[in-house]
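>>> here are the coordinates; sequence isn't available:
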C-alpha cells in the first residue's frame, strides 16, 4: 500500500483534487499496480525482442487535399459556449 502523502503528491502533480475516500482507494490501487510491476520484473526476457522492433510499417497517411471547410455557423452550432464567432474553452494553462 502506498502512503497517503505519496498519493497526495501524485494528485498535486496531476492537478487532481481527491476526496479522502479517493486517497484511500488510490493508495491501495497504486500499491497493487506497483506489486504487479515487481512481479513482471521477475520474468526472464533475455530472448524476447523489444516490441518496437516488430513494427516495420510506416503509419498510413491520407493524401493532403485542399477542400472546402465547414461554414463557421455550422462548426459553432453545437458549441457549449462561443463568442464573436470563436469557441470559448476553459483556460488550462496558468
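That came through, no problem. Keep in mind it's a predicted model, so treat the numbers as computed, not measured.
>>> how near is residue 13 to residue 81?
From residue 13 across to residue 81, the span is 29 Å (Cβ to Cβ, to the nearest Å). Any C-beta I mention is one placed from the backbone N, CA and C, and that applies to glycine too.
>>> try residue 12
In this structure, residue 12 lies at 29 Å from residue 81, with Cβ to Cβ as the measure.
>>> equivalent analysis for residue 63, please.
Using Cβ to Cβ, one gets 35 Å for the distance from residue 63 to residue 81.
>>> which one of these two has more residues nearby?
residue 81 (10 against 4; other Cβ atoms under 10 Å).
>>> quick check: the more buried one vs residue 74, distance?
17 Å.
>>> quick one: contacts of whichever helix in the chain runs longest?
With secondary structure taken from DSSP state H, the chain has its longest helix at helix 20-41. When contacts are taken as Cβ atoms under 8 Å, 6 or more residues apart in numbering, the neighbours of helix 20-41 outside the stretch itself are 1, 2, 3, 4, 6, 7, 8, 10, 11, 18.
>>> so how far is it off the chain centroid?
On the basis of Cα atoms, centre = their mean, to the nearest Å, the separation between the geometric centre of helix 20-41 and that of its chain is 18 Å.
>>> may I see the buried residues of that helix?
Along helix 20-41, these residues count as buried under the neighbour rule (16 or more other Cβ atoms under 10 Å): 26, 27, 30.
>>> what pairs with residue 87 across the strands?
With DSSP bridges applied, residue 87 shows beta-bridge pairing to residue 82.
>>> residue contacts, the residue nearest the centre of the chain?
Centrality entry for the chain: nearest residue to the mean C-alpha point is residue 14, 10.7 Å, by Cα atoms, centre = their mean. Shown here is residue 14, which makes no contacts under the criterion Cβ under 8 Å, 6+ apart.
>>> show the pLDDT at residue 49.
In this prediction, residue 49 carries a pLDDT score of 77.
>>> do you know how far it is from residue 87?
Relative to residue 87, residue 49 is positioned 45 Å away (Cβ to Cβ).
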